[in-house]
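J.: Predicted structure and sequence below. I'll ask about it afterward.
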Amino acid sequence: MTDATVKALIFDLDDTLVVEKASAAAAFLETCQMATERHGINAEALHQTLRETCRQLWWYHNPARPYAVDVGISSWEALWSRFSGDGDDLRRLRTWAPDYRLHSWHNALREHGVDDLDFAKQLAETFPALRCRRHVTYDDAHPLLEQLKPSYRLALLTNGASDLQREKIAGAGIASYFEEILVAGDIGVAKPHARMFTTLLARLEIEPHEAIMIGDSQSKDVQGAQAVGIKAIWLNRDNTPRRDPITPDLEVNNLEEIPRKAVTAGLLNASPKGDR
């Protein structure tokens, strides 16, 4: 199949177009450095402890845990999400979030021998501010989107809370590339759930064989897309081993490889038509 039938290219967001894990880690470490300066706590050690304390609270005390699981909100993202929007689950999370953040940091500090609630509050307020400054795209993201936009309809499909993901998209300056943007929080389910993909296809008014999914997750992006008949390109930046029985239609190590390798694999045509 060539791009004579491919009309749309669907992109994942986190760690496909924008740097999520590394950006979060950098903001965490900068925040934890405050504890090094005040109490002599190793910043990396506090970071790792915090990841565990916030995970414990997120999974075992979350008043909207089913919703958080369904839309794919991670415990560390919840440390800076505003949870804006309507709905009982978002209201519960919005109400609980200040205590969640405070106690995540306080419990982490206590693990390192520091029982300082006021300082924990300072850290809990500092991290969101630092994380909001880091909306970084990969160097190959903008060039590829610029290259593809004249020939294909581009769409974005991402898990997570709607307000948080849209803040990343706006901060990264990539919203204008996409005809459709669908966030799991918009509809209440996350990839690899089929409804994420079928909802986006319906909005684009195309069939599964007319789209290709591009993302870094073997299960969420590749397996989820293929389950509804969409071909999938796996972005494997870190040379992660493939997980049986998942087999992407194409594997690349960076975004700039996609046009050349997709043509070689027969997924795209060497000379895409402007008629979309």
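T.: Great, that's in hand.
J.: Helices along the stretch 151-276 of the chain, start to end?
T.: Ranges of helices in the stretch 151-276 of the chain, per DSSP state H, counting those that start in this stretch, are 162-172, 184-187, 194-204, 224-227, 258-264.
J.: the strands in the stretch 51-200 of the chain, which residues?
T.: With DSSP state E, counting those that start in this stretch as the criterion, the stretch 51-200 of the chain has strands at 153-158, 180-183.
J.: Give the partner strands of the first one in its sheet and their orientations.
T.: Strands adjacent to strand 153-158 in the sheet, as given by DSSP bridges, are strand 8-11 (parallel), strand 180-183 (parallel).
J.: Let's have the strands of the stretch 51-200 of the chain in CSV, adding distance to residue 46 and mean pLDDT.
T.: (C-beta placed from N, C-alpha, C; glycine too.) Formatted as CSV, the strands of the stretch 51-200 of the chain follow (distance: least, C-beta to C-beta, whole Å; pLDDT from 0 to 100):
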stretch, distance to residue 46, mean pLDDT
strand 153-158, 29, 98
strand 180-183, 31, 98
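J.: how close does residue 6 sit to residue 33?
T.: In this structure, residue 6 and residue 33 are 47 Å apart, going by C-beta to C-beta, to the nearest Å.
J.: who has more neighbours, these two?
T.: For residue 6 versus residue 33, the count of surrounding residues by other C-beta atoms under 10 Å is larger for residue 6: 22 against 16.
J.: check which helix or strand covers that one.
T.: For residue 6, there is no host helix or strand (DSSP states H and E).
J.: my guess is it meets residue 262, correct?
T.: No: with contacts counted by C-beta atoms under 8 Å, residue 6 stays clear of residue 262, the gap being 9.1 Å.
J.: Identify the contacts common to the two.
T.: Residues within reach of residue 6 and of residue 262 at once, by C-beta atoms under 8 Å, 6 or more residues apart in numbering, are 212, 268.
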